[in-house]
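Visitor: what's the 3D shape of this:
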Amino acid sequence: MIHSVLYLLSQAVMFLWPFVVLFYLGKFARSLWLHYVQQDFISGIEWVILEIIPPREVERSPKAMELFFTNALYHFSNKGGLEAWWVGAVWFYYSLEIVSIEGTVHFYIRVPSRLKEFVETNMYAQYPQAQIKVVDDYTLAVDEISDKSSWNLWGCEFALEKPEAYPIKTYTDFGLDKDPKEEFKVDPISPVVELFASVAKGEQMWVQIVVRPSKKEFHGKGEVHDWVKESQDELERLFEKYGRMNVIEGEEKLQKVRPPFTMEPIMRGINEKTMKLGFDTGIRVCYVAKKEAWSMNSRRNIRMIFRQYAKPNSNSLVRVNSTQADALGGPLFPGWFPLSTKNVQILANRMLMEYRERSFFYHPLRQKILHHLPWPFSPYLMPAYFHSSYFVLNVEELATLWHFPGQILKVPTFERIESKEAAPPTNLPV
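Guide: Predicted structure coming up:
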């Protein structure tokens, strides 16, 4: 009897295995095709970089920038089967950038050319006295990072320390939503602009925040990534932590109780974050300098530009994927196996390429494959293939990270429009 069952099972396996192999080959071929058509679609997008020169007097709170993000950048369309699987259409993404070129500070937005006028219109709606102009890509001035190049680069990315349900400190925590008088404003972006304005000749500092509207998508093994639902689940988990089992009507049930007062601000923050639109967000910073102008102090300083946004009881931005010798070693031996100078240059050059491409959401195929290799094969033996990850920030958090500082910030190398524009008086002689 046992032999008969084993024989039938072996026959079933022999019959089914070609279909199993065909199924997985089909999945692999589908992934390859989707990657190919998406990369082809992205390569056909014409990009423009807009520099926004703010007015001399920025009297509006970051709430204005929040409204700009909501109207100008949060728009999408559901892709049909033909668009998604044959054309490879993806949702447009944007890069919000703060850049210092030898101490001169610039605010840039990189957008698809077809949305240029739409973005400009919404920016003028919030900042009528601003000036917007198309500029060349400043990263092209840096050819490569190698022994032959005259440039050095240190860069890193940032990730959230806790799940994305927990918010970072925003401009409302600094009281900027109340529109205080200029002399009483405490603007968290001021230290960033001050630091960028302090770099010397031959030095540059770059920050890019790459964003796209957050959407439900498969994330991980068959799980749908819905950040609002995941935030609500996190709230439920916190409530359950403070629940207790009681006998109710003869049946033992979990009864929720009021959480301690120390948890109420945290839970309120999670709930309030989901009340505003969310963007998938990737953050990358670079310190770039001529080899003769390289400053270790500048390299150390740029690592700490987001400290003011940390909420110890909620969330903060932490540094990941740094291009330095002790960046690797895996979870067991962090920093135990320093990289050679050549491998550090490979990491830095890869960071330069990814910064220039503004890539976070659609990685090259080689990176997708190598990301699945276990440590230490990836990334230690293949250090050029750090895998970038992104997270969700809502428009309030984004407006905190990227907005124009008020006139209380007196930085001579931060360009502003000197005069206000006004309509002519109505009683002029004709």
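Visitor: mind listing the strands for the stretch 51-200 of the chain?
Guide: With DSSP state E, counting those that start in this stretch as the definition, the stretch 51-200 of the chain shows strands at residue ranges 94-101, 104-112, 131-135, 151-160.
Visitor: Make CSV from these and add distance to residue 167 to it.
Guide: All C-beta spots, glycine's among them, are computed from the backbone N, C-alpha and C. Shown next, in CSV, are the strands of the stretch 51-200 of the chain (distance: least, Cβ to Cβ, whole Å):
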stretch, distance to residue 167
strand 94-101, 18
strand 104-112, 24
strand 131-135, 30
strand 151-160, 10
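Visitor: Could you export the ones you listed as CSV, including mean pLDDT, mean neighbour count and distance to residue 265?
Guide: Formatted as CSV, the strands of the stretch 51-200 of the chain follow (pLDDT from 0 to 100; neighbours: other Cβ atoms under 10 Å; distance: least, Cβ to Cβ, whole Å):
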stretch, mean pLDDT, mean neighbour count, distance to residue 265
strand 94-101, 96, 22, 28
strand 104-112, 95, 19, 32
strand 131-135, 94, 13, 39
strand 151-160, 94, 22, 18
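Visitor: which one of those lies closest to residue 142?
Guide: Taking Cβ to Cβ as the criterion, residue 142 comes closest to strand 151-160 out of the strands of the stretch 51-200 of the chain, the separation being 5.1 Å.
Visitor: Quickly run through the sheet partners of the closest one, with directions.
Guide: Strand 151-160 pairs in its sheet with strand 278-290 (antiparallel), strand 317-320 (antiparallel), by DSSP bridges.
Visitor: could you dump the ones you listed to TSV with distance to residue 129?
Guide: Supplementary listing: the strands paired with strand 151-160 in TSV, determined by distance: least, Cβ to Cβ, whole Å:
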stretch	distance to residue 129
strand 278-290	27
strand 317-320	31
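Visitor: Of these, which shows the lowest average pLDDT?
Guide: Per-segment mean pLDDT for the strands paired with strand 151-160 reaches its minimum on strand 317-320, at a mean of 92.
Visitor: Quick one: residues in contact with it.
Guide: Counting by Cβ atoms under 8 Å, 6 or more residues apart in numbering, strand 317-320 makes contact with 156-161, 168, 283, 303, 306, 309-310, 389, all of which sit outside it.
Visitor: Now render these as CSV, adding distance to residue 30.
Guide: Supplementary listing: the contacts of strand 317-320 in CSV, determined by distance: Cβ to Cβ, whole Å:
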residue, distance to residue 30
156, 34
157, 29
158, 33
159, 30
160, 31
161, 36
168, 37
283, 31
303, 41
306, 39
309, 40
310, 42
389, 23
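Visitor: Dump the strands paired with strand 151-160 to JSON lines, plus distance to residue 94 and mean neighbour count.
Guide: Output for those, formatted as JSON lines (distance: least, Cβ to Cβ, whole Å; neighbours: other Cβ atoms under 10 Å):
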{"stretch": "strand 278-290", "distance to residue 94": "9", "mean neighbour count": "23"}
{"stretch": "strand 317-320", "distance to residue 94": "19", "mean neighbour count": "16"}
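Visitor: Would you tell me which of those gets closest to residue 402?
Guide: Across the strands paired with strand 151-160, closest to residue 402 is strand 278-290 (Cβ to Cβ), at 10.2 Å.
Visitor: measure the closest residue to residue 282 other than its chain neighbours to residue 171 for me?
Guide: For residue 282, the nearest residue in space outside its immediate sequence neighbours is residue 360; the separation is 3.2 Å by Cβ to Cβ, 6 or more residues apart in numbering. Taking Cβ to Cβ, to the nearest Å as the measure, residue 360 and residue 171 are separated by 24 Å.
Visitor: what does residue 162 give?
Guide: When residue 162 is compared with residue 171 (using Cβ to Cβ), they lie 20 Å apart.
Visitor: out of the two, which sits in the busier spot?
Guide: Remark: of residue 162 and residue 171, residue 171 carries more neighbours, 24 against 15, as counted by other Cβ atoms under 10 Å.
Visitor: just checking, the more buried one touches residue 396?
Guide: Yes. Checked against Cβ atoms under 8 Å, the pair residue 171 and residue 396 is within contact range at 7.3 Å.
Visitor: got a list of what the residue nearest to residue 282 touches?
Guide: By Cβ under 8 Å, 6+ apart, the contact set of residue 360 is 93, 210, 280, 282, 284, 388, 390.
Visitor: Next secondary structure after the helix or strand where residue 367 lies?
Guide: Counting by DSSP states H and E, the secondary-structure element that holds residue 367 is helix 365-371. For helix 365-371, the following helix or strand on the C-terminal side (DSSP H and E) is strand 391-394.
Visitor: packing partners for the helix or strand just after that following strand?
Guide: Next along the chain after strand 391-394, taking DSSP H and E as the criterion, comes helix 395-401. Applying 3 or more Cβ pairs under 8 Å, 6 or more residues apart in numbering; DSSP states H and E, we find helix 395-401 packed against helix 63-68, strand 203-213, strand 278-290.
Visitor: Could you list every helix and strand that the helix or strand that comes right after the longest one packs against?
Guide: Put plainly, it is strand 278-290. Elements were assigned by DSSP H and E; along the chain past strand 278-290, the next helix or strand is helix 296-302. Counting contacts by 3+ Cβ pairs under 8 Å, 6+ apart, helix 296-302 is packed against strand 203-213, strand 278-290.
Visitor: For stretch 324-332, what does the pLDDT average out to?
Guide: For stretch 324-332, the per-residue pLDDT averages 64.
Visitor: which residues of the stretch 51-200 of the chain score low on pLDDT?
Guide: Low-confidence segments of the stretch 51-200 of the chain (pLDDT under 70): 77-80, 180, 182-183.
Visitor: Do a quick rundown of the helices in it.
Guide: Along the stretch 51-200 of the chain, the stretches classed as helices by DSSP state H, counting those that start in this stretch are 63-68, 81-82, 116-126, 190-197.
Visitor: Mean neighbour count, those: which tops it?
Guide: helix 63-68 (a mean of 20; mean count of other Cβ atoms under 10 Å).
Visitor: The residue nearest in space to the middle of the chain bridge partners, please.
Guide: Per Cα atoms, centre = their mean, the C-alpha nearest to the average position across the chain is that of residue 282, at 1.7 Å. For residue 282, the beta-bridge partners under DSSP bridges are residue 210.
Visitor: So it sits against residue 210, correct?
Guide: Yes. The pair residue 282 and residue 210 qualifies as a contact (Cβ under 8 Å) at a distance of 4.5 Å.
Visitor: what is in contact with these two at once?
Guide: In terms of Cβ under 8 Å, 6+ apart, residue 282 and residue 210 are both contacted by the residues 360, 361, 390.
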